[in-house]
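Enquirer: fold the following, please.
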Amino acid sequence: MGETTDEDRILTQDDVDPAEFGCLGSGAACSPFRAPHRFLVLVLICMLSFGSYFCFDNPAALAQEFKNDLGLEGSSFMLLYSLYSWPNVFLCFIGGYLIDRVFGIRLGAFLFGMVVTVGQLVFALGAYIDSKAVMYAGRFIFGLGGENLAVAANTYVVSWFAGKEINMVFGINLSASRMGSTVGMVSLSPIYEALSTKFQGTHLMGVVLTIGALMCVVSLVCSVFLSYFDKRASRILQKEANETGETVKLSDITRFSGATWLIFAICVTYYVAIFPFISLGKLFFEQKFGLSQAEAGVCNSLVYFVGAVSSPVAGAIIDKTGKNVLWLLLAVLITLLAFALLTFTFLHPYFAMVLIAIAYSICASALWPMVSLVVPEYQLGTAYGMMQSIQNLGLAVVSLLAGALLTKFGYFILLLHFMAWLALAVVFILLLWAWDARSTGYLNASPAKRAEMNSDEVQSVLDGDEVRQPLLNDNSIMDLSQSLRASSASQLRARYLRSVEAGALSNSAEFHRSMAERSVNLTQSYQFSTLANRTPLK
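Expert: Numbers count the residues shown, from 1 in each chain. Presented below is the predicted three-dimensional model:
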C-alpha cells in the first residue's frame, strides 16, 4: 500500500531534537518516552486529589466531636455531605466541559484545586467561630472544586496512560486518592486529642480542620508541577501540532450510547450505598458492635485502607483478563453480601468491611475505565463530568434521605435501604451485559479479543470495506467522520487512531506497530470522508 513516510511513522525519542528536552535533559526520569518519567507524572496525578480526599471525610472522622462541640448529628450532620454534592450535580458536567473547551486540563486542575483549598479554609473558620452557616458555606465551596478536580485527574490519566495499562493506573490513582481519606479518617481523632490541651471546643475543631487545608495546599503545588510536565511533554511529543480539531458541544451528551448511560446508572446506584454508609459508619460500629471510638474509626477506614492496596492489584488483573462487566457484577454481589453480614449478623465488622474494600476496588478498576471505551477522546472530560454529576445528584439526595432514615428508624432500616440500591445496580449491570452482548461484546471481551476486534475494524476502514458495525457507540462512525477535516493523509490517520483508541482502547502494542508501517493515501482519505453520509449499523 505504498512506502511509509516520515509523517506516518510513530514518533520516538530518536526523532526529537535534544534541545526540545530543555534543561531537564532526556534521561530516563526526564523523557516522556520513558517509564520512570511517566511514573513521576503518575505520582503527581495521584497527589492531585490527595488533599480533597483527606478533607472530604473530616466530618465522618470526627463524628462524635462534631456532635459534642457543634451539635451536628443526623440530618444536620449529613447536610455537610449533601452540600458538597449539590453543586456538583451541575458543575461536574460543566467542569468537564471547561476542561475540554475553555481552561484546558492544566489551568482547570489548578483553579479547581484553589477552590478546594478556599472551601476547606472557610469550613474551618466556621467551626472556629461556631457558625453552622459558615461551615455549610465552606462545604458548598469545597464541593465546587472537589469533584471537578477528580475529573481533571481522570482526564490526565487517560491522556498519559490510555492503552493496556489504563485499568491498573486508574486503580493506583484511586488507591492514592483514597489513602488521603484513610489518613484523614485515622489521624484526625488523635490530632484532636493531642491539641485538646491547648484549645477547647469550637476553637479546637477549627484548628484541626485547618490541618486539612494544608493538605489541599500540597495538592495545589502538585498541580503546578503536573502542568509543567504535561506542557513539556506536549512540546516534545508534538501533541499540540497533532490535535484532533474536534470541538466539544453541550449537545454531545445526547449522542452518548446506551452503554454510556448504563455505566452512569451503575455508578450512581453503587456509590450512593457506599459513601453515605461510611459517613455514618463510625457511630454504627460503636453502637451495634460495641467497638471503642478508636476501633470504630479504624474499622470505618478499612474501605479506603484495604482499597489502597487492592485497587492496583484489581486493576492489573482486569488489565490481564478484560471482561470488565463480569468483574463489575462480581464486585456489586460481594458488596451486597458484606452489607447483609453487617445488617443481619453480629460477625465482627472488620470482615465485612474488608469485603467491601475489595469489592470497591474491583468496581472502580472495572467501571471508570469503561467510559474511555465508549466515548471519543475529545469528549472524555465532558463524559467524566457527566458521570460524576449524576453520581453527585444521587449522593446529594441519598445523603439527606439517609440522615432522615437514621433519625426516624435507626440503622437496620438504613442498611436495608443501602442494599436496595445495590440490588438496583445489579439490574443495571445485567442490562449492560445484555447490551454489550447484543452489539459487539467488546466491554466483556478479553484483551486478545479486543485487539483482534480493533485490528479487524481498522483494516476494514483502511481497505475501503463497508463498516460492518461501529465499536460500542452507535454514533462513533458519525462522530469520527464529522471530525475528519484533515489536509493531509498523515493527519487523517492520526485522528482516526486517536478515535479508535478512545472508542476501543487497544491492548496490543503490535497492532500500533503494524499501523505505523502503513501509509494512508489521499484516495483512502476520500473514502474515509464519505463515511459521513452512511448510517451506522445498529
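Enquirer: quick check: mean pLDDT of the one helix or strand Lys449 maps to?
Expert: Assessed by DSSP states H and E, Lys449 sits inside helix 447-462. Looking at helix 447-462 alone, the average pLDDT works out to 70.
Enquirer: Arg178 and Cys46, how far apart?
Expert: 10 Å (C-beta to C-beta, to the nearest Å). Heads up, the C-betas are built off the backbone N, CA and C, glycines and all.
Enquirer: mind listing what's buried along stretch 83-91?
Expert: For stretch 83-91, a neighbour-count test (16 or more other C-beta atoms under 10 Å) marks Leu83, Tyr84, Ser85, Trp86, Pro87, Asn88, Val89, Leu91 as buried.
Enquirer: that should have said stretch 351-360, apologies.
Expert: Within stretch 351-360, the residues that qualify as buried are Ala352, Met353, Val354, Leu355, Ile356, Ala357, Ile358, Ala359, Tyr360, counting by 16+ other C-beta under 10 Å.
Enquirer: so where's the longest helix in the chain?
Expert: helix 201-236 (DSSP state H).
Enquirer: report the rounded mean pLDDT for the helix or strand just after that one.
Expert: Moving toward the C-terminus from helix 201-236, the first helix or strand encountered (DSSP H and E) is helix 258-289. Per-region confidence: helix 258-289 scores 93 on mean pLDDT.
Enquirer: over to stretch 202-220?
Expert: Average pLDDT, stretch 202-220: 92.
Enquirer: which SS state does Met135 fall under?
Expert: helix (DSSP: H, G, I helix; E, B strand; the rest coil).
Enquirer: which residues sit in contact with it?
Expert: For Met135, the contacting residues are Leu70, Leu80, Phe123, Gly126, Ala127, by C-beta atoms under 8 Å, 6 or more residues apart in numbering.
Enquirer: can you rerun that using 10 Å?
Expert: Taking C-beta atoms under 10 Å, 6 or more residues apart in numbering, we find Met135 in contact with 59, 66, 70, 72, 79-80, 83, 122-129, 205-206, 209.
Enquirer: just the buried members of those?
Expert: 59, 66, 70, 72, 79-80, 83, 122-128, 205-206, 209.
Enquirer: do I have it right that Val217 meets Gly113?
Expert: Yes - under the contact definition of C-beta atoms under 10 Å, Val217 touches Gly113, with a separation of 9.0 Å.
Enquirer: could you find the closest non-adjacent residue to the spatially most central residue of the chain?
Expert: When C-alpha atoms, centre = their mean is applied to the chain, the residue found nearest the centroid is Asn154 (4.9 Å). Nearest non-adjacent residue to Asn154, counting by C-beta to C-beta, 6 or more residues apart in numbering: Tyr384, 4.8 Å away.
Enquirer: what's the answer for Tyr271, then?
Expert: Nearest one to Tyr271, counting by C-beta to C-beta, 6+ apart, is Gln391 at 5.6 Å.
Enquirer: where does this structure have low pLDDT?
Expert: Scanning the chain for pLDDT under 70 picks out the ranges 1-34, 92-93, 95-97, 162-165, 167, 236-250, 381, 456-538.
Enquirer: now do the phi/psi pair for the nearest residue to Ser446 once chain neighbours are set aside.
Expert: Nearest residue to Ser446, sequence neighbours excluded (C-beta to C-beta, 6+ apart): Gly322, at 4.3 Å. Main-chain torsions, Gly322, degrees, to the nearest 10: phi 70, psi -140.
Enquirer: how far away is Gly322 from Ala451?
Expert: Separation of Gly322 from Ala451 (C-beta to C-beta): 10 Å.
Enquirer: of the two, give the one with the bigger neighbour count.
Expert: The neighbour count for Gly322 versus Ala451, taken as other C-beta atoms under 10 Å, is higher for Gly322 (23 against 20).
Enquirer: which one is Ala308 nearest to, not counting chain neighbours?
Expert: Ser175 (4.1 Å).
Enquirer: rewinding a little: do I have it right that the residue nearest to Ser446 meets Met453?
Expert: No - using C-beta under 10 Å as the test, Gly322 is too far from Met453 to be in contact (11.2 Å).
Enquirer: returning to what we had before: what's the burial count for the residue nearest to Ala308?
Expert: Residue neighbour count, defined by other C-beta under 10 Å, stands at 26 for Ser175.
Enquirer: just checking, Phe123 touches Pro59?
Expert: Yes - look at Phe123 against Pro59 with C-beta under 10 Å: they come within range, at 9.4 Å.
Enquirer: shared neighbours of the two, which are they?
Expert: With C-beta under 10 Å, 6+ apart as the test, Phe123 and Pro59 both reach Leu80, Tyr84, Met135, Arg139, Leu209.
Enquirer: can you name the two of the residues you listed that sit furthest apart?
Expert: Within the shared contacts of Phe123 and Pro59, Tyr84 and Leu209 form the most distant pair, 14.1 Å apart (C-beta to C-beta).
Enquirer: for Asn444, helix, strand, or coil?
Expert: At Asn444 the chain is in coil, as set by three-state DSSP.
Enquirer: mind checking how far it is from Ala366?
Expert: 10 Å.
Enquirer: which one's more surrounded, the two?
Expert: Ala366 (28 against 19).
Enquirer: Ile166 versus that one, what's the distance?
Expert: 12 Å.
Enquirer: can you work out which residues contact both of the two?
Expert: Gly315, Ile318.
Enquirer: now do the same contact list for the residue nearest to the centre of the chain.
Expert: 45, 49, 96, 99, 170, 173-174, 368-369, 371-372, 380-381, 383-385, 387-388.
Enquirer: measure Leu414 to Pro349 for me?
Expert: Between Leu414 and Pro349 the computed distance is 15 Å (C-beta to C-beta).
Enquirer: surely Phe161 touches Val41?
Expert: Yes - counting by C-beta under 10 Å, Phe161 does reach Val41; the two are 8.9 Å apart.
Enquirer: nearest residue to Ala213 in space, please, no chain neighbours.
Expert: Sequence neighbours aside, Gln120 is the residue nearest to Ala213 in space, at 4.3 Å (criterion: C-beta to C-beta, 6+ apart).
Enquirer: just the element for Ser301, please.
Expert: Here Ser301 sits within helix 293-321, counting by DSSP H and E.
Enquirer: now do that helix: which elements does it pack against?
Expert: helix 58-61, helix 63-65, helix 166-195, helix 258-289, helix 324-344, helix 349-374, helix 447-462 (3 or more C-beta pairs under 10 Å, 6 or more residues apart in numbering; DSSP states H and E).
Enquirer: is there a neighbour count for the nearest residue to Met353 once chain neighbours are set aside? I'd like the number.
Expert: Closest residue to Met353 in three dimensions, ignoring its sequence neighbours and counting by C-beta to C-beta, 6+ apart: Leu302, at 4.1 Å. By the criterion of other C-beta under 10 Å, Leu302 has 22 neighbours.
Enquirer: then Gln293?
Expert: 14.
Enquirer: next: Lys408.
Expert: Counted with other C-beta under 10 Å, the neighbours of Lys408 add up to 11.
Enquirer: what sits against it?
Expert: Shown in contact with Lys408 (C-beta under 10 Å, 6+ apart): Gly74, Ser75, Leu414.
Enquirer: and it, what element?
Expert: Per DSSP H and E, Lys408 falls inside helix 380-409.
Enquirer: quick one on the thing from earlier: who has more neighbours, Arg178 and Cys46?
Expert: Arg178 (27 against 22).
Enquirer: from Phe418, how far off is the closest residue to that one other than its chain neighbours?
Expert: In this structure, Arg178 finds its nearest non-sequential neighbour in Tyr304, 4.2 Å apart by C-beta to C-beta, 6+ apart. Noted for Tyr304: a distance of 18 Å to Phe418, by C-beta to C-beta.
Enquirer: between the two, which is the more surrounded one?
Expert: Per other C-beta under 10 Å, whichever of Tyr304 and Phe418 has more neighbours is Tyr304, with 26 against 22.
Enquirer: check contacts around the more buried one.
Expert: Here Tyr304 is in contact with 53, 57, 174-175, 177-186, 278, 311, 357, 360 (C-beta under 10 Å, 6+ apart).
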